[in-house]
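Colleague: After the sequence you'll find the predicted model.
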Amino acid sequence: MPESWTARDERQYEHVRSRVLDRGKSPQSATEIAARAVNDQRQEVERTDNRRTMGTGNPRAPLEERTKDELYNLAEEHDIRGRSRMNKTQLITAIRRRQGSDL
């Protein structure tokens, strides 16, 4: 349990984790899903300083529908240089170029 989590957060984590395990997910997947659920809830009630998303968005969603933070994280995964100075449109273009060269 992270130091910043309360006893309530820990109970929520254990509850979500056990429910996910009951659905047949792997222990690693259940741990990840439960931690995300707790952290999402902590952000909603503003008990965490981290407001920036850590994900890359729904992989099935078009790039245009993702947030700039999600695109930035995706660009980071693709090791795109200069991403911190790019706007949303430039990030989309750079990601598409990189994905095309990765095929």
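Modeller: Received it, and whenever you're ready, just let me know what you need.
Colleague: in the longest helix along the chain, what counts as buried?
Modeller: Identified as the longest helix of the chain according to DSSP state H is helix 27-44. Within helix 27-44, the residues that count as buried by 16 or more other CB atoms under 10 Å are Ala30, Thr31, Ile33, Ala34, Ala35, Ala37, Val38, Asn39, Gln41, Arg42. Using the backbone N, CA and C atoms, a C-beta is placed for each residue, glycine as well.
Colleague: which residues touch Val38?
Modeller: Counting by CB atoms under 8 Å, 6 or more residues apart in numbering, Val38 makes contact with Trp5, Asp9, Gln12, Tyr13, Val16.
Colleague: Can you tell me the element the second one falls in?
Modeller: Per DSSP states H and E, Asp9 falls inside helix 7-22.
Colleague: Just the pLDDT for Gln99.
Modeller: We note a pLDDT of 87 for Gln99 in this prediction.
Colleague: typo on my end, it should be Arg42
Modeller: Arg42 carries a pLDDT score of 82 in this model.
Colleague: I'd guessed it sits against Glu10; true?
Modeller: No: the pair Arg42 and Glu10 does not pass the contact test of CB atoms under 8 Å, sitting 11.9 Å apart.
Colleague: Using the record's assignment, carve the protein into domains.
Modeller: Following automatic domain parsing, one gets these domains for the chain: 7-44, 63-102.
Colleague: For the longest one, which residues meet the burial criterion?
Modeller: When burial is assessed from 16+ other CB under 10 Å, domain 63-102 yields the following buried residues: 63, 66, 69-75, 80, 83, 86, 88, 91-92, 94-95.
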